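Visitor: What would the 3D arrangement of this be:
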Amino acid sequence: MPQSWIPATHQNTKIAVYAMPNNPADAVRIRGMMMFQKGKWVSLCRMKSEDILRLTNVPSMEFLREPKDTVEQALDTSLEKYQRPAESSRLTEISSWFGDDGNYIVNSGLVWLPDMGDPVDHLGDADIGSKETWTQVPTAGEEYDRIVREYAVNLRDAELHKLHESIGVKEYRFPTISDGDAGATPKHIRLREICTDCGWTAKIFSENLNPKVEISEGGTGYSNTENIPIAGGSGAGMIVNITQQAGCITSVKITEHGAGYLSGDVLEIPGGNDDGAFTIANYWFDVCQNCGWSGRPGHLIDGQHRARGAAETKPTQMLATNIIEGDDFDDGARSKIFAEVTNTSKPLDELHRVNLGFRGERSVRAGSIDHQYGLPRFSKGYKIAAKLTEGWTTNVVMVNRIHLLPKHPDRSAVRKGRMLNVTQFVKWSARNFPGHMDENWWDVGGPWRKHNIGGNLTVNDAAISFHNFWDAVSQIWPTAWDTDDQKVKNLQKDWILESIFKLYPAVVKRIRDSQPTGTNKNIPSTGEFKEYLRYIGAIDFNNKSSWNNFNQERAAGGQGKKNHVTKILRGLVADAVSTTTVAQMSARAPTTGDVNVWMYGEPTIDSLTIADSTNLGSRRGTETVTWTSDTTCRDGARATEPHLLAVKDAEIWIEFGGTKFFEGTSNGVSMDLALPLPNLGGVRQAGDSGTLNVKYVNINGESSVFTIDVTW
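Guide: Take a look at the predicted model:
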């Protein structure tokens, strides 16, 4: 068994320290029942908690603090690492809980092992591999007869073993071996005395583990002495204390380890008659604390907190463990199993699940939608978010702003400069649900579709285009944008971010529509984005008291507040003129008044028209009612569109004597009336006076009604 355990830095485990390799007592032995499921074998085993650690790596992701530093791992499609880091508080909790003899861990962990090859007939102290023992294998019956008919003699046993009557016991043996031994295989627990990748040795960083010392020459004439500097050997800097009896050294205690010493170094001890000496030997380790190298053959897919927590207090207690083997369960399959089984005690963070979905090209339910990472529009959106948060050359306005992975479980808060998560980024740009303004930006006419010439932008070009948009936003509203990626200002906060994000396609469309015939604009520049954003630059995003009018879950008509703001901003950008002159470059909305007042004012109506307002109760035919929106803040040409501030369709009604004789709604600015109006109760007489009314309602429930007189 290991001599000791020391902390690991790069691996989600502890380091086992051994006296030497090839000790039969250090081999890990496992035994379990075999189960055939969906064409694959699983062994239902029991293992000591410390043996689970000695046999497996935990393929955990780091969840680094800086989002830009997470990009490489977030985009790693090899899926070699897919687990979350261990949570210190959970380890402590489980360790304390399992330390109580009245508590039990009965749910199974899950371990993957490399292909063990064909089973062997004998598994002794010098062997490595697996052995199978079968009993109660059917020798008669319907299924037996079928297998005899369908399979050759050399294949029959394998098929008979799959029958539920057959009982198979599988034994494994994993010995230790020097990593440098020519006979070392991926099935061994491989040990190093000195890490050949970085030079680390187990004695250097251990607080409770001194190098092994053997007194090779006791010498003569010595006295008890402290702080003796040692010369010679392969290293330098070692200092020791010695004690003696009758001048012969009886103990050597190393007080300063020094560096570079090798097993077998014989070191002379100055003093006495200079004839004392001792030999040192480094311990052997299975994981390098410095560079993260590991010689462990397996992966712990599920149960890392249970195994480590139990090993702290009850290292030799057995835990239920299921074992799967070989290429039947590759990296992708293991990550999928991990994501599926980790749903009970503490489900995976949404960002973690989405990342595994992206890397495995699988569909994941997150943020109330299905993220279908088997579809290019979803996977490319993820890659664009990663590129923006990582930054490149001078394109750094979104660095660290988009989170790809969760915070580390041992950190109390997310990074302060966060604007959004990749789940939001992909949902808003790839979902293809226009009713919520979650559009597909790769579709025809979208900002990530090439202009006029067909095909899609590359991920790199799409990222540049979107970066330029945010660069322009930061320059048009500099006081509402924080350039320090550790902080956020109003434009980087949730209450307005989604609406600004979804403004991007509208601005790209304006830029492209303004191009001369035959000119294609695939990637607008920062300057071109500023040209159109400048038109709404008078909006004061620092005056949140104005924008709080939109800060409610639903508008009066059921429309989401953020989509309503998006509609308003897109409508205003649609008014922007192409800034080809100095005078035009200074043009801003509104044409009159204050845009910040207009934004939460009543959706007023300028005019209401009906060709003939008389005899509505007696003549037959169709009469068209039309109205216009106010032009206080918008281009006059837009008066023929429904009011931007309205959150639901216009309401139209005709009223006589307090009773409504017609009611309807319109999502445009006109409605056809079928005449005559029905004379409810027969109470109306020709010439009776009434009113025709049109009404808009804003997000706060404030309404504006325009009325004209009509007769029956």
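Visitor: which ones are touching residue 316?
Guide: Residues in contact with residue 316 (C-beta atoms under 8 Å, 6 or more residues apart in numbering) are 48-50. In short, each C-beta sits where N, CA and C put it, glycine included.
Visitor: the strands in the stretch 201-350 of the chain, which residues?
Guide: 212-217, 225-229, 239-245, 248-256, 266-269, 276-281, 284-285, 298-302, 318-325 (DSSP state E, counting those that start in this stretch).
Visitor: So which helix or strand of this protein has the lowest pLDDT on average?
Guide: Least confident helix or strand, the chain: helix 582-585 with a mean of 46, by mean pLDDT, DSSP states H and E.
Visitor: Can you tell me the SS state at residue 53?
Guide: Look at residue 53: counting by DSSP: H, G, I helix; E, B strand; the rest coil, its state is helix.
Visitor: That one reaches residue 15, doesn't it?
Guide: No - using C-beta atoms under 8 Å, residue 53 is not in contact with residue 15; the gap is 9.5 Å.
Visitor: which intervals of this protein have sub-threshold pLDDT?
Guide: Applying pLDDT under 70 to the chain picks out residues 10-11, 203-211, 328, 331, 333-346, 544-560, 578-593.
Visitor: quick one, domains of it?
Guide: Under the assignment automatic domain parsing, the domains of the chain span 4-56+82-191+288-341, 212-281, 350-598, 605-711.
Visitor: quick one: the strands in the stretch 51-200 of the chain?
Guide: Using DSSP E, counting those that start in this stretch, strands in the stretch 51-200 of the chain cover 56-57, 109-113, 129-135, 167-174, 176-178, 189-191.
Visitor: right, so the strands of the stretch 201-350 of the chain: which one is the most enclosed?
Guide: strand 284-285 (a mean of 28; mean count of other C-beta atoms under 10 Å).
Visitor: which element follows the least confident helix or strand of the chain toward the C-terminus?
Guide: helix 595-598 (DSSP states H and E).
Visitor: how about that next one: buried residues?
Guide: Judged by neighbour count using 16 or more other C-beta atoms under 10 Å, the buried positions of helix 595-598 are 595-596, 598.
Visitor: Kindly report the same for stretch 121-133.
Guide: 123, 128-132.
Visitor: Could you do stretch 7-17 as well?
Guide: 8, 11-17.
Visitor: nearest to residue 435, of these?
Guide: residue 12 (43.5 Å; C-beta to C-beta).
Visitor: For that closest one, give its distance to residue 308.
Guide: Note on residue 12: its distance to residue 308, by C-beta to C-beta, to the nearest Å, is 9 Å.
Visitor: thinking again about what came up before, between the strands of the stretch 201-350 of the chain, which one is closest to residue 405.
Guide: Per C-beta to C-beta, nearest to residue 405 of the strands of the stretch 201-350 of the chain: strand 298-302, 19.0 Å.
Visitor: How far off centre is that closest one?
Guide: 21 Å (C-alpha atoms, centre = their mean, to the nearest Å).
Visitor: Check which helices and strands that strand sits against.
Guide: strand 56-57, strand 109-113, helix 331-341 (3 or more C-beta pairs under 8 Å, 6 or more residues apart in numbering; DSSP states H and E).
Visitor: picking up where we left off before, mind putting the strands of the stretch 201-350 of the chain into TSV with distance to residue 393?
Guide: TSV is the format used below for the strands of the stretch 201-350 of the chain (distance: least, C-beta to C-beta, whole Å):
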stretch	distance to residue 393
strand 212-217	53
strand 225-229	53
strand 239-245	51
strand 248-256	48
strand 266-269	54
strand 276-281	52
strand 284-285	42
strand 298-302	38
strand 318-325	45
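Visitor: just so I know, which of those lies nearest residue 31?
Guide: strand 318-325 (10.5 Å).
Visitor: What lies in contact with the closest one?
Guide: Against strand 318-325 from outside (C-beta under 8 Å, 6+ apart): 30, 32, 40-49, 52, 105-116, 172, 301, 303, 306-307, 310, 337.
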